[in-house]
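Student: Mind looking at a prediction? Sequence and model below.
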Amino acid sequence: MTMTIAAATARISRQLPDAELSLDAALLASTRLMESMLLARQSDGVETFAGQAALLRLARSQRSLIESQNDMIRVHRELLDTGREVKAIDDDPGSCPNQASLEDAARFVRTA
């Protein structure tokens, strides 16, 4: 099944922000979980370092999510470049609705 460039552009434009936001949602959910885990081990009768291995694994998963966000920023930039190449989007610097935030995020990706 093939689709036109216009249809593909419209579909990608709708799906890309959802994919980006889902990574934020996963990171927020895991952060809430970490907060609950830390609060739980402050309960009476719980050892100071109870669940430490689980906390370490959760922290690793959060790092993976942040790395995934960096990759998603790269995907966004590459799709933007590809869209310009195939003339699916305007060549104007502000043609992407999130262009300013994308450029800000790119600075963080370079430093990470």
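Tutor: Received, thanks. All figures in this text were calculated on a predicted structure; none of them were measured in a lab.

Student: Tell me which residue is most central in this protein.
Tutor: residue 69 (3.0 Å; CA atoms, centre = their mean).

Student: can you pull the contacts of that one?
Tutor: When contacts are counted by CB atoms under 8 Å, 6 or more residues apart in numbering, residue 69 touches 20, 23-24, 27. Every residue, glycine included, has its C-beta placed from N, CA and C.

Student: Of those residues, which is the nearest to residue 80?
Tutor: Of all the contacts of residue 69, residue 20 has the smallest distance to residue 80: 12.9 Å, by CB to CB.

Student: Surely the closest one and residue 76 touch.
Tutor: Yes: here residue 20 lies in contact with residue 76, judged by CB atoms under 8 Å, at a distance of 7.1 Å.

Student: Which one of the two is surrounded by more residues?
Tutor: The residue with more neighbours, out of residue 20 and residue 76, is residue 76; 22 against 18, by other CB atoms under 10 Å.

Student: where does the residue lying farthest from the centre of the chain fall, phi/psi-wise?
Tutor: Largest separation from the mean C-alpha position in the chain: residue 45, at 38.0 Å (CA atoms, centre = their mean). Main-chain torsions, residue 45, degrees, to the nearest 10: phi 80, psi 0.

Student: Numbering from 25 from now on, please.
Tutor: Sure thing, new numbering starts at 25, so read that last one as residue 69.

Student: mind listing what's buried in the lengthiest helix in the chain?
Tutor: With secondary structure taken from DSSP state H, the chain has its longest helix at helix 29-64. Buried residues in helix 29-64, counted by 16 or more other CB atoms under 10 Å: 33, 36, 40, 44, 47, 50-51, 54, 58.

Student: and if you look at stretch 98-111?
Tutor: Buried, per 16+ other CB under 10 Å, within stretch 98-111: 100-101, 103-104, 107.

Student: I'd like the contacts of residue 93 laid out as JSON lines, including distance to residue 64 and pLDDT.
Tutor: Formatted as JSON lines, these follow (distance: CB to CB, whole Å; pLDDT from 0 to 100):
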{"residue": "44", "distance to residue 64": "31", "pLDDT": "95"}
{"residue": "47", "distance to residue 64": "26", "pLDDT": "97"}
{"residue": "48", "distance to residue 64": "25", "pLDDT": "96"}
{"residue": "51", "distance to residue 64": "20", "pLDDT": "97"}
